[in-house]
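K.L.:
Requesting a structural model of the entry that follows:
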Amino acid sequence: MSSKKLQWFIGGIALLLVLSWASCNPTAVETHTENVTIDITVEQVSAGYAHVSFTTNKKAFYLTGIHPVREDIDDIQKVAKQFMMLALDSAYVDYLYWRNRQLQALSPFVADFASYSLKYSDTDQYFTLLRPTTDYWVYAFVVNPTTNKPAGTLFIKTITTDSVSRTPMLFEYRVEGQWDYVYPKDTLGEINSYTPWVGETIDSLTLREQGWETPGEYFLKLFDDVYNGDYKRILYGIYVHENNGEGDGTSVTNFELGHTYYTGMASLDARLTIPLDTNLYDMYRFTWMGDSTRLYFTPVNSMAGEW
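P.N.:
Sure, this is the predicted structure:
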């Protein structure tokens, strides 16, 4: 290698090291902890989620979150210090759990708490798995990225979720060989990329082995687990999955020739209730006939009414 190429190589390595260090070192970017204000703007509230924007007057790291309003607290600002510390403790527990998994997997890069858990500068966020007709505090406060302690004021806004969904969601479903595709759409037929949803495919044999009387019973329990926070796989927009035996946390990881499957999908905009709102979920049944399988389902084919 020529000396000129060697210089370019060494320079490139040095730049990568600097960028890598900056990406995992919050103090390497401009950040303020004093006289920072955070404007909370509620973009949309529905029955099961809220879309909120956060705008800062200075570059800063801060924690955001949502919490049901506590009736035993008449003025949240009177206990702001305790509230912020509790929120930070909860975020740090989540971070430690994530970091432990990364270290066990021998990940070459493990972000620090600020990089993983805090917001920086202007951003927006979707809060999901909310309960209908419920008051919530949406909050934000600056965090010192060096000490990981609150710095300054607790900014807070109260919202109330709707009683019913504002965003009906229909699911089109396609199976092509080992691949399946989910297209969440609104009532105008446009792709809905913003409303969270959940879906799963399960073999009919597995349903019987597990003792489920109907596929609808299985999916109702699954979605109830979602709304209770026991299921973490939340999706947005179009979903594409290859059922090739490797798996990604779904029930089906390998389609079997001649087996019958059920796929259920539901919006997270509201809890499923009886009778079920068929504008919020769909279920499809199909038999996989090998790599030549080509199936396309629309809500007209949905078995949702049989739940």
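
K.L.:
Enumerate every residue touching the closest residue to Thr56 other than its chain neighbours.
P.N.:
If the residues on either side of it in the chain are set aside, Thr56 comes closest to Ile38, at 5.4 Å by Cβ to Cβ, 6 or more residues apart in numbering. Heads up, the C-betas are built off the backbone N, CA and C, glycines and all. Taking Cβ atoms under 8 Å, 6 or more residues apart in numbering, we find Ile38 in contact with 54-56, 60, 62, 140-142, 155.

K.L.:
and of those residues, the nearest to Asp124?
P.N.:
Phe54 (6.9 Å; Cβ to Cβ).

K.L.:
Looking at that closest one now. What's its pLDDT?
P.N.:
Looking at Phe54, its pLDDT is 97.

K.L.:
ok so it is a strand residue?
P.N.:
Yes. Under DSSP: H, G, I helix; E, B strand; the rest coil, Phe54 falls within a strand.

K.L.:
Going forward, the N-terminal residue is numbered 62.
P.N.:
Got it, the first residue is 62 from now on, which makes the last one we talked about Phe115.

K.L.:
gap between it and Gln138?
P.N.:
19 Å (Cβ to Cβ, to the nearest Å).

K.L.:
Quick one: the helices in this structure, in order.
P.N.:
Secondary structure of the chain, counting by DSSP state H: helices at 64-85, 141-165, 174-178, 265-270, 276-288.

K.L.:
rewinding a little: from the contacts of Ile99, which would you call buried?
P.N.:
The neighbour count (16 or more other Cβ atoms under 10 Å) marks 115, 117, 121, 123, 201-203, 216 as buried among the contacts of Ile99.

K.L.:
Just these: which are in strands?
P.N.:
Counting by DSSP state E, the members of those that fall within strands are 115, 117, 123, 201-203, 216.

K.L.:
Name the nearest of those residues relative to Thr354.
P.N.:
Distances from Thr354 to these, taken by Cβ to Cβ, are shortest for Phe115, at 45.5 Å.
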